[in-house]
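One predicted model, sequence on top.
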Amino acid sequence: MHQLSTNSISLMLITENRHNHYSLVQFLTDNGFDVTITSCEMGLAAIQQKGSFDLAVIDCASRADNGITLCKKLHKILPVIMIEGSDDEICTTAALNNGAYDYIARPVRQWELLARIKNILRRGKNTDILHYGNLSVDPVRGVVRRNGEEVFLSALEYRILLIFLANKDKVLTRQQLLDEIWNIGGDYVNDNTLTVYIKRIREKIEEDPAAPQTIKTVRGKGYKIGN
């Protein structure tokens, strides 16, 4: 398979059982990463002692609280991906609300993790805050604010909002949105579920969700953000 050129990206894998990740470490190493493994208890100290890392992956399966606590501290130093036991909204929101740049559910699909790492590294090259009306989005930290107050979006809600912001003034059909969601995260979302997500996003970012001025419906075509 084609390997991703990472130019010797330095990655810290924080886990309670390194033996479970032997194949993952080998896979990342084969794709150009310099991987260092440490324990959940020693994660922060190891990163501070070792020096500069480009990214951390945390997998503290039976020590979930430890993983969240570590993520809270680490995300101030470098991007963090959390490996979670489930991809339900409660788990993923907890990870993102505590500083994770992204998450991935067990069992870990190696090429999916590689794609998510690549996406974070690409985002890190653009530190500009995105603005639209009373909204601001920090694409590196994954923080959304409305009128200066942080708005907590689920992982998929956040992705959908980024798709709109990347296509200002363009009408996006429902099928285009569904295709983009699949391409970004590999999430399966059907047409009815998309309607629910759009509704939830509007409830969080619109001054009046019943009369949205940010994500507008273009009758018979789809949605757009902008004039």
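Nice, thanks for sending it over.

When you work out contacts or count neighbours from here on, use the C-alpha atoms and nothing else.
Noted.

List the contacts of Pro209.
Lys199, Arg202, Glu203 (Cα atoms under 8 Å, 6 or more residues apart in numbering).

again with Met12
Contacts of Met12 by Cα under 8 Å, 6+ apart are Val35, Thr36, Ile37, Thr38, Ile47, Phe53, Leu55, Ala56, Val57.

Only whichever of these are buried, select them in ChimeraX.
The ChimeraX selection below is limited to those of these classed as buried (16 or more other Cα atoms under 10 Å):
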select :35,36,37,38,47,53,55,56,57
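
Filter the contacts of Met12 down to the ones in strands?
Among these, the ones falling in strands (DSSP state E) are Val35, Thr36, Ile37, Thr38, Leu55, Ala56, Val57.

does the last one have beta-bridge partners, and which?
Per DSSP bridges, the residues bridged to Val57 are Leu13, Ile81.

Could you do the fourth one as well?
Using DSSP bridges, the beta-bridge partners of Thr38 come out as Ile14.

shouldn't it be in contact with Ile14?
Yes. If you go by Cα atoms under 8 Å, Thr38 and Ile14 touch, sitting 5.0 Å apart.

Quickly note the distance from the nearest residue to Ile9 once chain neighbours are set aside to Arg219.
Once flanking residues are discounted, Ile9 sits nearest to Phe33: 5.0 Å by Cα to Cα, 6 or more residues apart in numbering. As defined by Cα to Cα, to the nearest Å, Phe33 lies at a distance of 48 Å from Arg219.

Any figure for the gap between Val144 and Gly43?
Distance from Val144 to Gly43, by Cα to Cα: 28 Å.

before we move on, what about Asn227?
The value you get for Asn227 to Gly43, if Cα to Cα is used, is 47 Å.

Angles on the backbone of the residue nearest to Ile9, please.
phi -90, psi 150 (degrees, to the nearest 10).

Report pLDDT for it.
Note for Phe33: predicted pLDDT of 91.
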